[in-house]
Structures are given as structure tokens and as C-alpha cells.
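J.: Got a sequence here, can you model it:
(one chain, ligands or ions: 1)
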Amino acid sequence: MWLGFLRSDDQLQEPQLLNAYGEMPVSDIVHLKYPVFAENVISCLDMRFIRGLLETWLGPSLIIINPYSNAIKSSSEQNPDDNSSCRLLRHKVTEVLQELFQTKLPQTFILRGESGSGKSYNAKQILYSLFSQTNQGLSRSSCFTKVTAALTVLCSFTNVSTKYNSDSSRVGIFIQNYVCDYSVYKTKINCLYIDHARLTCVEEGFNNYHIFFEMLAGLTAEEKRNLYLDNYQTFKEFNYLSTSDPPADFDTLKRQFQEWKDCLITCDVSFTDVTRVLSAVLLIGNITFLSTNSQQLDLKTQNELKSVATLLGISSMVLYQGLTTKTINTPEGLNLTPILTTIKIHENRDALAQALYVRTVHMIVRKANSLLRTHGAKKGRNPSNASGSCKSDDRLSAQKSFHSTTSDKSVPTETDRQIPPLLNIIDMFGFENLTDNKLEQLAINFCSELLESYHNSHAFNTSRSSSKDETRSKYPELIKDRCSDNQLVVDLISHPVNGIFKLLNESVRESRSHIGVIINRIEATHSRNSCLSINSLSSATQFTIHHYAGRVTYDASTFIARNKNTISDDVVWIFSQENCAFGFGTHLFYQEIGDASVPGPQGKLYKILPRAGIGRLSKHTNTLAEDFCLKLNEIIKKISITKPHFIYCLKSNDSSSYLTFETEVIRRQLQSLQIVTTANIIKTTPIHRIKYSLFNNLYKLLLPKISTAADQSQEELCKNILEHLKEISRNFNLETQAFDWMFRQHHLLFSEQVRQELEAYKLHILYQSAVIIQTQWRGYQCRKRWPFLFQHLQALQLRRLNSLPNEYNPVFVTSSVPKLDWNTVKQICATYGINPSVTPPVPPARHYSVAGNMKVNFPQTRIATEVFKIGKHVWLQEGDDVKVLMPSSTKDGHLTVQFQGVTQDVPHHIVQLRTMGTLL
Ligand SMILES: Nc1ncnc2c1ncn2[C@@H]1O[C@H](COP(=O)(O)OP(=O)(O)OP(=O)(O)O)[C@@H](O)[C@H]1O
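T.: Model (predicted):
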């Protein structure tokens, strides 16, 4: 089982990983001298950055710096295959996969960082590594092609250019990979929507979604004519795009559109249907009603109304009526009344555009999810999970609360074990602080706070519980402060009784409240919350929250309107089968229309967002904030029963400049992500907590001999493994006092240093085993081929001896002995300027040795393997530790050795390198 992993070059050729103790720059922040300070971390990251090393370990987690190298490369030039900068990330994926296979405990990669720090980029790299290590590599994995196609389509739909990132994703993404038999048999993409109001919000400085610019650049003249877009020469002529700037030059947009189109087809979604909806959305934005008479349209708009109606397969009359009338349910019956204000009609229009857009995205994701299963799932490799596995998973996770599970996360219960082996990836929103922060920013920053809270409870809970026992942690107060600050903000925003979201939701339901009233209520309810400040004298609609990553001032003036998230049923019923001949359009609203007990509008309000997906529990009437919290909590519940692996993404600068390391930017991110505190905690506390049985499963192969005594308990076996490790490490003169572990009733607590030693030792054992197996296999192959080879050699010898004519060539050679093609050899020699008749020169002496696939530099510590005399005097005894300075410059095959103050050239074979192998 391990050999598959061992073939990965990344693991075997990672000298940094195993050799970094004491070297600068260290490959793991935890190896910096205690106590770790921000300055040391920054200089370490800086030194690595200069050397092109963008990844640095933080114990079991990884820090990755975004160098913005794609600023100088187009996306088509970026090939994940030759991306050598992701070596440690790939290694991490391998480790996590091994853990998944051995412990069956679901695992989650959580990408954290500011907007633009590279979360989405690294999420793709994780997916790439995952698929290249499973499913027999990428080439055979159609699942991976579909996942990347789905993500490419999604990116165009959900990415926009912002102040922080020219390619910022406006949805949170949660990817679930179901793994079985070393294959990903199903991938599910879940989206968390929040920012669809951006589509119709045409304020200055806001950019619209990439797809509109790509589509307008990439459609052919004929396609544009068919979609009624041929009369528009520039982006600015569309109201919804009038304030936006194209995110790239025309040719790039055109190329991206072609890529998007290909990916859409890979996802089995109709290109024509989707472009019809997108064109309709753009044209809907241009339907403007006269402010003097709300029911009247100007002449140009009349044409646009007709075009939209044709694109959506409805009559202009039905569309016009849907936008301008409202059904009111009175005790006397249903009344169809005209809407009198232009603002209300325009709200209806924008709600329609948003609903069409976001539901199309949702439908594409659902379609892609249905394709992202390999045959394994259908064959029922894992019958209990393969069909409807998400549902069962949902139910399971919904039963557990976030806080109860985080406290005892490493204990898989019976129910946990039924969960299929899952590898999740979470790529949520980055923290945002704009000049004008709205409801979307509050939701996005709340999401960051929840993840921060999750991080605190997972990264520090174990340490706190252990500190109770041993009071070893030097940072309990600091951790407590961070956790309680964070909890204050989470409560302020989402408390079920008096949180900001709750107050907002009530105000939407009451439909009378004014934002000033809400702000007053917030102020009154949270007057003691130190994370909130309201200065009602300077502005009646603003409040400031002290988030973990900085203070953000929110303008609540649009909160109530944005939180509504509603569309009237008059608009929804436009898409009933009687009215609409466009099947795709009808399908977008099938739930609302299908759920209605009586056909036709009833004066109800529906949500703009689709109901299905992760938030199955959500209702038709939920507000935006309600829906967002529900879905986010569901995701957090799902991941709280998995083992998290944090990937901290840092941006190297704020201006997206290529390879520019700005110290202050890094310092800010280190502080908000608590990297320095985490490093110190990892150094001082046994942070790992694992059940004895799981530990033994992972590491029992380290024991030279496993006791077969039936009465040996799991705890005893675990003790034996650790004692053996200590003994081995003592022989290496490692600081064994840092080998920290504690035995608890069911669990073992151990330090990061122990984990690293265990992993390094395990890798070494696996490597040795692989060498033995390969040696045996090659020996077997040689012995099998030897009779044919022998015959061949005999024939050659015979031909030479008898000077047989060249044409004569006995057919002894079997297919298993490859023939040397001299013409090719000559050609290669000519290409590389090699003279085949001249013996190549001896390469210069190396200034290092290689042991266990690692480079070991001079001076080295070696062991004398036999007695060595200088004259008659015995200078070295067998087993003496000696210092080897370098290969001897005067005598071939000799090394310059120093022992007891004397330096002497000694034959190579007398002193052997101290590797673990010498001790086994
Ligand atoms: N390791 C890397 N090497 C090269 N380019 C990178 C790397 N990481 C990120 N980038 C580039 O930096 C830009 C920002 O990255 P990305 O969109 O992944 O950030 P993000 O954290 O997901 O931002 P947001 O939260 O706003 O979506 C992208 O153009 C991405 O291609």
C-alpha cells in the first residue's frame, strides 16, 4: 500500500523536510528557536521567498505565500503539472491521504487568508494533487477533467475584480471528495452565495461578474444577432455594466470565453440555454420605466422588453405584467393591482435578473455534481455511501453540534465510522474591509470569524485540555483572550436571540422598521460588547466591529433592502409551463411553481436564491442573512466531525506585484492568522491527540518486531512504539526531552516534534522496504531473463570468433531483451556532441554524500567499522565516532578524518555514515 506513495518523487526528494533542524532558513517555523517572534518568522519567510521557496511548514500546517507569478503568465501558460512551487502542498496531500486510508477519519483542508492571498489557487492545487495520487493518475481521471471544467465555469460566473484581487470569488466553495479504493469516486461542489446583488448594483467602483465581459468579447457576430446583442457596441451601453471596467484585455477575455464554453460543454450544459439567460439578464437591466409614469416604457426599452421576452420564451405582455403588477391576497379574494412606483418596478426587474443569474449558476453546479461520479459509485463499491451519500452525511453531521464535537474530535464514534472516507476542501471568502462595507461584507467577515473560531477551537482546544493536566502551555491567557474576543464578535453578529442578523431578520418580517431603529436596538442590546462601537452623532446608520483581522465600519443604510432577498410570485409565475416555452427557464423556478397548491400568483414572496443544495433546511421565505448563516453552520457542522488541516495563504504584497515581499503586509497577516502564537503553542504543548488504536495503526510498522502476545493492550503497544522511537533518537543525539507525550485513558497526547520524528522514521522504514522489494523484483527479473541473455551473448561471441558475415543474425533475442539501436545511439551522441568512441571523463569528487536518498554535507559524523592503525598504533577502534572533514584531496578512495585532535586520511570503507539504517 505504501509503495504507491513512495513512488512520489516529492516525498523522497525533500531534503528540506528532513534536514532542516538548525539550518537557516528552516523549512518549519516550529524549528525556530523558542520563543518564536514575529521578526524571526518574517525573516525566515523572507529568506525562503528570495530562494523561491514559497511554502513553509507550521508544524502540521502549511504557510504558502502568493508570489503573483501569474501576473506575468497567462492562464493557458499555467500548467499545474510543472508547478514545482507546490511541492510541500503535494506532500501534505499525500500525508492526508495516507491518514484517510489508514484511520478512515474524514479529513478537511481549510484554506485561510485574506482576499487575494491565493486560497482558490491552492484549493485547485490540492485537487490536482489529490486526483494525481488517486484514480491511477490524472490522465485516466475523467472526474478531474470534469471537476476542473466545473470550477472554470463557476469562476467566470462568480469571480469579479475587486480592490484586493482582480479575480476574487464571490461565493464560498466547499468541495467534498468521496474516496474509496484509492480513487475519488465522487466529488460534490457546494456553493455559499452572498453577493448576487452586485449583479444589478451599478454603483461606481463595483465590478460585475467576469462572464458578461467574456461573453460580449467572445460571441461571434451571428451569435450576438441571435441573442439580440448586436446593437450594442461597448460594455458601457448595458446598465448593469455601465460602471464596471473589463477585468482583462479583449483578446484575453475572448480566450477565456472559449475556455468557458468548452468547459460548459464538458459539464454537459447547453451553451445556447445559458447564453440566452445571460443575454436576457443584460437586457433586463436596460428595461427602464419612465419616472413620470411608472407603467410607461421608452421606445428603446420596448424593444429590449421584446428581446428579453423572446429570449426567455414568453410573451412581452406576460413579462410586462409580471414586472408591473402585484397580486394582493385580501379577505375578499385575490386582487391584481398595478405597481405605482418606478422604484418598485425596478426592484422587481432586478430581482428577476438576480434570480435568473444565481439559479443558472446553481443549476450548472448541480449538473456538474451529477457528472462528478465515476463508475465505482454506480457499481456500488461502497453501497451504503455511494447512493445518496451526501444525504446520509448531512443527516449525520446535522446530529452533532459544532462545539460538542470540536472538544473531542479525534474520537470517531460508531456513527462517524459509517461516514465514507471523505476529503473536503474549504475555500471560503477572504476577510474584507472596503471603503463602503455593506451587508455582504458583514456576512463575509462573519464567515471569516466563524472559521477563526473553528481554528481556535481546533488548534488550541487540545492544548488547553492538556494544559489543565500539566499546566505546561505558556499561552493559556493569550489563547483565552483570542477565543473570547472572537466569540464576542460571533455572538454580536449571529446570536439567535439578539444578534445583528436576528434583529435584521425581524425587521424584514415586520416590514415597518427603519434602519435607525435597528441600530438603536443593536446599541442598546450590545452596549457592553467591547467589539462594537457606534457613534450615532457622526452617522445614524454606521457601526464599527472590531474583527480579529481589524476594525471594519459598516454602513447599514441598505441592510434591510439587501436582506430581503425576495422575488414576487407574479414574476415567478412568468415561468410556469403555460406561460413559458423555454424549458431551461421553467426549470429554474420549478420548486416554487411545483410547491404551489393553487396555480397562479397568490401574493406570496419567494427567495431569489435557490432552495436546494446544502441549505435543504432553508425555506422559501428565509432572508439573505438567515440563509447564509444556515448554510455556513451546516458546513461548519460537517467539517467539525473531520480532521482539519489548515493551509495559511499569505499575499506577498497588496499591489499584486510579482515577487515583491512586503514585510508590513506579511506582519499584518501573521498577526490576523495568529501564526506566531500558533508556532509557540506547537513548540510548548503536546497538540496531537489520537486514540491508541489509530496511533498503532499508523505507526506499528516502526517496531522491529511486533509482540504476538494476545494480552498486549493497545496502550502497551503504543508505549513500545514510542520507547523504540526514543531509543533510536537517542542514538542520533536528538534532544529527547522535546519528545513529549502523555498517556490518557483512551488517548495519547504527543508533541509536534514527536509527530515529525515518527513520520521521518516511518518514511525511512518505508523507503528501505521499497528498496528491498525492488531489489528482489529486479533480481527475479534478471534471473528470468538470464537464459535468453546468455544465449544472446554466446551467439555474439560465436559470431565474433567465427567472423560471421554481418547479415547473419541468429534469432536468439527475445522480446524481453531490448535491442540496442546503434543509429539512434549515434544520433543522440551527435545531438549532445558526445564522441561514442571516447571514454567519458571521471566526474569531479562530490562535496557531499548520499544516504537514504538524502544529501549529507561535510563535515559528517561517521562510525568506524573496523580497527585502523597508524603505523603500529591503533588509532581507531570499531564503533568510534569520528568526524569526516571532506574527501581526501591526495589519496583516491580516502576520506580526511579527524579523531581526538588528529587528522588522518582513512580508506572510505572503514568509516560508515550514521544513518538510521546502521542502527537497525
Ligand atoms: N502560489 C501562487 N503562484 C502563482 N500565482 C498565485 C499563487 N497563489 C495565488 N496566485 C494568484 O493570485 C491571485 C489571487 O489568488 P486567489 O484568487 O486564489 O485568491 P483568494 O484568496 O482566493 O482570493 P478571494 O478570497 O478574493 O477569492 C490569482 O490571480 C492567483 O492566480
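
J.: beta partners for Ile65?
T.: Per DSSP bridges, the residues bridged to Ile65 are Leu650.

J.: For whatever residue of the chain ends up closest to the ligand, grab the count of nearby residues.
T.: In the chain, the residue that lies nearest the ligand is Gly118 (2.8 Å; CB to the nearest ligand atom). Any C-beta I mention is one placed from the backbone N, CA and C, and that applies to glycine too. By other CB atoms under 10 Å, the residues close to Gly118 number 26.

J.: give me phi/psi at the closest residue to Glu662 other than its chain neighbours?
T.: Distances taken as CB to CB, 6 or more residues apart in numbering place Asn653 nearest to Glu662, at 4.2 Å, with adjacent residues excluded. Per-residue torsions, Asn653: phi -160, psi 170 (degrees, to the nearest 10).

J.: From what I see, Asn653 and Thr660 are in contact.
T.: Yes. The pair Asn653 / Thr660 is scored as a contact, 4.5 Å apart, by CB atoms under 8 Å.

J.: These two: which is more packed in?
T.: Asn653 (19 against 14).

J.: residue ranges with poor pLDDT in the stretch 101-250 of the chain?
T.: Within the stretch 101-250 of the chain, the stretches with pLDDT under 70 are 135-141.

J.: residues from it in reach of the ligand?
T.: 113, 115-121, 165, 167-169 (CB under 6 Å from any ligand atom).

J.: now swap in the chain and tell me
T.: 54, 66-70, 85, 113, 115-121, 165, 167-169, 429-430, 649.

J.: Show me just the buried residues among these.
T.: Buried by 16 or more other CB atoms under 10 Å: 54, 66-68, 70, 85, 113, 115-121, 165, 167-169, 429-430, 649, out of the residues of the chain next to the ligand.

J.: just checking, which of those belong to helices?
T.: Among those, the residues falling in helices (DSSP state H) are 119-121.

J.: Dump those residues into CSV; add distance to His514 as well.
T.: Below are those laid out as CSV (distance: CB to CB, whole Å):
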residue, distance to His514
Lys119, 38
Ser120, 39
Tyr121, 43
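
J.: number of nearby residues for Asp230?
T.: Residues near Asp230, counting by other CB under 10 Å: 13.

J.: Need the outlier residue of the protein, farthest from its centre.
T.: Ranked by distance from the centre of the chain (CA atoms, centre = their mean), the top residue is Asn802, with 68.9 Å.

J.: Torsion angles phi and psi at Phe743?
T.: phi -100, psi 130.

J.: What sits closest to it if chain neighbours are left out?
T.: Using CB to CB, 6+ apart, the nearest residue to Phe743 is Glu715, at 6.4 Å.

J.: doesn't Phe695 make contact with that neighbour?
T.: No. The criterion here is CB under 8 Å, and Glu715 misses it with Phe695 at 9.7 Å.

J.: what about the residue nearest to Phe743, which helix or strand?
T.: helix 714-731 (DSSP states H and E).

J.: And that helix, what's buried?
T.: Buried, per 16+ other CB under 10 Å, within helix 714-731: 714-715, 717-718, 720-722, 724-726, 728-729.
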